[in-house]
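[1] My questions are about this predicted structure, shown below with the sequence.
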Amino acid sequence: MAENIHPIHDRLVQRNEREAANGHRGGVVWMTGLSGSGKSTIAAAAERKLFERGIFAQVLDGDNVRHGLNANLGFSLEDRVENTRRVAEVAKLFVQTGCLVICSFVSPTRELRAAVQAIIGAEDFFEVYVNTPLEICERRDVKGLYAKARAGELKNFTGIDSPYEAPEHPFLDLKTAELTIDQAADILIESLPL
Ligand SMILES: Nc1ncnc2c1ncn2[C@@H]1O[C@H](COP(=O)(O)OS(=O)(=O)O)[C@@H](OP(=O)(O)O)[C@H]1O
Ligand SMILES: Nc1ncnc2c1ncn2[C@@H]1O[C@H](COP(=O)(O)OP(=O)(O)O)[C@@H](O)[C@H]1O
């Protein structure tokens, strides 16, 4: 029961102490977009560049988290909400370490992302829209999932028979059709108030 649980945070090393030691602030970069839009690719490129600059950064990616922590969840809207809720809670814990967490999740609805923002806190939440038209994602079809969805072999696939709502006011809008991977990662890094 929550009322019988007493967090010990007063005695722990505080976030501001960790950020001072790291030399930069922590936060959550939340990358949202269709499957194949480039979330994982840009997240990995940005993480590598940040690491090389001595920034404490870590990617949390949908495909990876769904093999472990969230292995019991599927792709109904209810499961997607729970998937991202758990990730938001994990990301919030990382932020206490002064980490810059780069979360890469389809996170298809505005309501779901608002719930994520509420958990993390608006001041630590940087929403990045990986803005790639469905036609291009489908042409890329990195994992062959669009072909399966079009053939009716995969149900509830985002953009095909499950909705995607684009962010209205993202912190950053990355139009990947007009950018190289390297450019997208650089724009992302330069935009962050580290
Ligand atoms: N039905 C359906 N819809 C969307 N995506 C699907 C689906 N089934 C499997 N996949 C694969 O799972 C990845 C998306 O997982 P996420 O955890 O990011 O999704 S969500 O945020 O909970 O909506 C997604 O990975 P990315 O391509 O990296 O986005 C797909 O590879
Ligand atoms: N400008 C770009 N930005 C990101 N990815 C790109 C770009 N141009 C081509 N791609 C390719 O598109 C694919 C995106 O796949 P992925 O990163 O797995 O997307 P997601 O994680 O959103 O599903 C990769 O094969 C990547 O090499």
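    On my side now, so go ahead. Numbers count the residues shown, from 1 in each chain. Ligands and ions are numbered 1, 2, ... in the order given.
[2] Run through the residues that contact residue 135.
    If a contact means CB atoms under 8 Å, 6 or more residues apart in numbering, then residue 135 has no contacts. For glycine as for every other residue, the C-beta is placed from the backbone atoms N, C-alpha and C.
[3] measure it to residue 14 for me?
    Using CB to CB, to the nearest Å, we find residue 135 at a distance of 48 Å from residue 14.
[4] Lowest-scoring secondary structure element of this structure by mean pLDDT?
    Taking mean pLDDT, DSSP states H and E as the measure, helix 62-65 is the helix or strand of the chain with the lowest mean score, a mean of 89.
[5] Other residues contacting the helix or strand following that helix?
    Note on helix 62-65: by DSSP states H and E, the next helix or strand toward the C-terminus is helix 77-96. The contact list for helix 77-96 (CB under 8 Å, 6+ apart) reads 15, 18, 26-28, 58, 60, 62, 65-66, 69-70, 73, 101, 103, 105-109, 112-113, 115-116, 119-121, 124, 162.
[6] ChimeraX command to pick out the buried ones of those?
    Buried residues among these (16 or more other CB atoms under 10 Å), as a ChimeraX selection:
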select :15,18,26,27,28,60,62,65,66,70,73,101,103,105,106,107,108,109,112,113,115,116,119,120,124,162
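[7] so where's this protein uncertain?
    Low-confidence segments of the chain, defined by pLDDT under 70, are located at 1, 9.
[8] Would you mind listing what in it touches ligand 1?
    Residues of the chain lying close to ligand 1 (CB under 6 Å from any ligand atom) are 35-36, 39-40, 62-63, 66, 75, 80, 83-84, 105-108, 143, 145, 154, 156-158, 162.
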